[in-house]
Structure formats: structure tokens, C-alpha cells
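Asks: sequence-free structure coming up:
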């Protein structure tokens, strides 16, 4: 056999060997996370926004009833309707991406703090308080906290006899605009509307704004990291650190602890999923101890917030007996945030 034949024979055998090795090597298919994205989108995000829309409509009805028949009973009903609308909104803050951001719905619904001076100027003016007029106002003069201020007053003890005709008109108008914004948000996500949900469910496919399923999962992971940071280092931290009651959100209704709890439930819903898979499905497969740690820390944060005695307002003074419980709750949320930063985010980024 000449040298060329030997070379050809050697190359041929090498190709067979390589081919044989490839055939025998296990082939790991690309993971499909569509079940997780579909469940979280439909049963967490969309269902939460639909609940917000429905509860906002109920708040409009309660506000109109209160205006038409101003009684203490109807005032209590209007307040209860506000609290009911507040819950799904706070449980949506773990996924403040998409239309709620790009359409400017978040600041229109939940700007804080209330601009009391300008609010009083609106009430003192001769402007007709129609929904279209309220729509033109900046975020701090409409939405959740303007409605809250009108219903409870600055001291949280407003009685039905303290309402003015202008306040009833303002309440009805801003409730109507709030409901319109909530409806717009729900419509942006549902299949019968603009169907933003399709972007997440079909991440990685042509037409989706997400170039891959991993990109959509990173959006979800960063969303829950963001609200953990906001609760631990903003909503709880700022009033405590500065001993400033004005920095407490939902202070008029004394709903702050429920706000914080629902924010963590927003995390819990994305992580565990509702009626199906959540991020836990990925983490438990890739790093079971991390999954157990995250589950425990989510529940610990919820429990610690709920264990703060009395109202959050009462915990703000440095000498308050309930302040240590509030500080402990803050630390549990910060611990969860750190676990997300050091464990969850790198894991999802490494998919």
C-alpha cells in the first residue's frame, strides 16, 4: 500500500471512529419551558389583571352608591371595595413589565405620595370634576392613593359627615378613570385583546418580543427580585430609617402590612405557580437545596410581615415596641432578595 493509500485509509478509519463516537454519545435535547411560561402567564399574570379589572369595576359601583346615598354603611362598603382592588394590584408588582410599564399604567394607578397641596387646590377650584378632567391630571392626583385619601382622610378617621360635594365628585371621577386604566391593562394581556400574553407563552418563536424562553424566564426572575428589593429596601426601610410617617404607602387606610404581604405573594405566585408549574419547577431540578431555601424564605417573609403587631404606622417610631418586629420582617425580605441575587438569577441566566 503506497503512502497515499495509507493516508486515505487512515482518514477513513478516523472518520468512522468519530462517527461511531457521535452515534454512541447521549444527545441532550434543548429544554422546553413552555409549560411554565404558559401557566405563569395565564394563571398568575392574566388572572391577576382580570381580578384587578373586576374589582376596579366594583369600586366604581361602590363609589357611585356612596355619592348617591352618603351613609356610614356605604362608606364602609366603598372602603372595602378599595381594599379588594388593592389586593390584586399589589400581587401584580412582581411582574411590572409589558403594558403596565410601556403604557404608563403603573404611575397612573399607583403614584405615591399623594400631592395633598395640589389635591386640595383641585377641590377648591371651580373646575368640573369629570373623568376626562381627572384623566388629564398627573399620577399623584388620581389612582389608588387619591381615592384612599378621599375615603379615609389624612387621619384615617374620616366620617361621612366630613365629605363635601366636591369630594364625592372627585371620588366618582377618579374611580372611573382608575377602572378604565385597570380595564386597559387587562385587555392588553388577554387573548381577546392585544394578547401580550402570547409574547411570553411563545417566547423564542417568531413574533414574540422575547428571543428565547430563557429571556422570558429572566424577565420573570428579575421581576420578583425587583419587588423583593422594593419591599425590603424601600417600602419598609424608608419609613423606619427616617422615622417619617409620610413615607409609608397606604397609610390612610392602614393597609401597608397587607400591601407588603401581597407583594411577597406576588413573588410566591410566580415562583410556585398557580394550578401548574412555576419557576420552582426549574430550580428544583437544577438545584434542589436552593429550591427548598427559596420556598422557606418566601414563607418566612410573609409570616414575619404579618407578625408585626398593630399597624405599620405604629412600628415607625424608634421607641415603638413593635419596631423590632418590623425590622425583623425587613431582614427576612432582604434575605430573600439576596438569595435571588446569588442563587436564582445566576441559575436562570445559566440555562
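Replies: Good, I have the coordinates. The structure displayed is predicted, hence computed values, not measured ones.
Asks: And residue 289, which helix or strand is it part of?
Replies: Per DSSP states H and E, residue 289 falls inside helix 288-306.
Asks: do residue 211 as well
Replies: Residue 211 belongs to no helix or strand when elements are defined using DSSP H and E.
Asks: Pull the contacting residues for it.
Replies: 203-204 (C-beta atoms under 8 Å, 6 or more residues apart in numbering). In this view, the C-beta of every residue, glycine as well, is placed from N, C-alpha and C.
Asks: Look up how far residue 350 lies from it.
Replies: 17 Å (C-beta to C-beta, to the nearest Å).
Asks: One more: residue 192?
Replies: 37 Å.
Asks: cool, and residue 239?
Replies: From residue 239 across to residue 350, the span is 37 Å (C-beta to C-beta).
Asks: sorry, back to before: tell me what the helix holding residue 289 is packed against?
Replies: helix 256-272, helix 279-286, helix 323-339 (3 or more C-beta pairs under 8 Å, 6 or more residues apart in numbering; DSSP states H and E).
Asks: Name the residues of it that come out as buried.
Replies: 290-291, 293-295, 297-298, 300-302, 304-305 (16 or more other C-beta atoms under 10 Å).
Asks: after that helix comes which helix or strand?
Replies: Following helix 288-306 in sequence order, the next helix or strand is helix 312-315 (DSSP H and E).
Asks: rewinding a little: which one of the helices and strands packed on helix 288-306 has the most crowded surroundings?
Replies: helix 256-272 (a mean of 24; mean count of other C-beta atoms under 10 Å).
Asks: next one: it to chain centre, how far?
Replies: Offset of helix 256-272 from its chain centre (C-alpha atoms, centre = their mean, to the nearest Å): 8 Å.
Asks: Remind me which helix or strand residue 221 belongs to.
Replies: Under the criterion of DSSP H and E, residue 221 resides in helix 213-230.
Asks: Touching that helix from outside, list them.
Replies: Helix 213-230 has contacts (C-beta under 8 Å, 6+ apart) with 32-34, 36-37, 40, 93-97, 199-200, 203-204, 208, 210, 263-264, 266-267, 270-271, 279, 282, 333-334, 336-337, 340-341, 344-345, 348-349, 351.
Asks: in that helix, what counts as buried?
Replies: Under the neighbour-count criterion of 16+ other C-beta under 10 Å, helix 213-230 has 213-214, 216-230 buried.
Asks: ok, and the residue lying closest to residue 51 once chain neighbours are set aside, which helix or strand is that part of?
Replies: Spatial nearest neighbour of residue 51, excluding adjacent residues (C-beta to C-beta, 6 or more residues apart in numbering): residue 88 at 4.2 Å. Using DSSP H and E, residue 88 sits in helix 72-90.
Asks: any residues touching that helix, and which ones?
Replies: Contacts of helix 72-90 (C-beta under 8 Å, 6+ apart): 48-49, 51-52, 55-56, 58-59, 61-63, 65-66, 109-110, 144, 147-148, 151-152, 159-160, 171, 178, 182, 250, 253, 255, 258-259, 262-263, 266.
Asks: Mark which of the residues you listed are buried, thanks.
Replies: 48-49, 51-52, 55-56, 58-59, 62-63, 65-66, 109-110, 144, 147-148, 151-152, 171, 178, 182, 250, 253, 255, 258-259, 262-263, 266.
Asks: so who does residue 44 touch?
Replies: Neighbour list for residue 44: 95, 269-270, 273-274, 278 [criterion: C-beta under 8 Å, 6+ apart].
Asks: Now with 6 Å, please.
Replies: Taking C-beta atoms under 6 Å, 6 or more residues apart in numbering as the contact definition, residue 44 lies against 269-270, 274.
Asks: go on, residue 133?
Replies: Residue 133 neighbours (C-beta under 6 Å, 6+ apart): none.
Asks: One more: residue 151?
Replies: So residue 151 contacts 78-79, 82 (C-beta under 6 Å, 6+ apart).
Asks: switch to 8 Å and redo it
Replies: 75, 78-79, 82, 158, 171, 252-253.
Asks: What is the nearest of the residues you listed to residue 140?
Replies: Checking the contacts of residue 151 against residue 140 with C-beta to C-beta, the nearest one is residue 252 at 14.0 Å.
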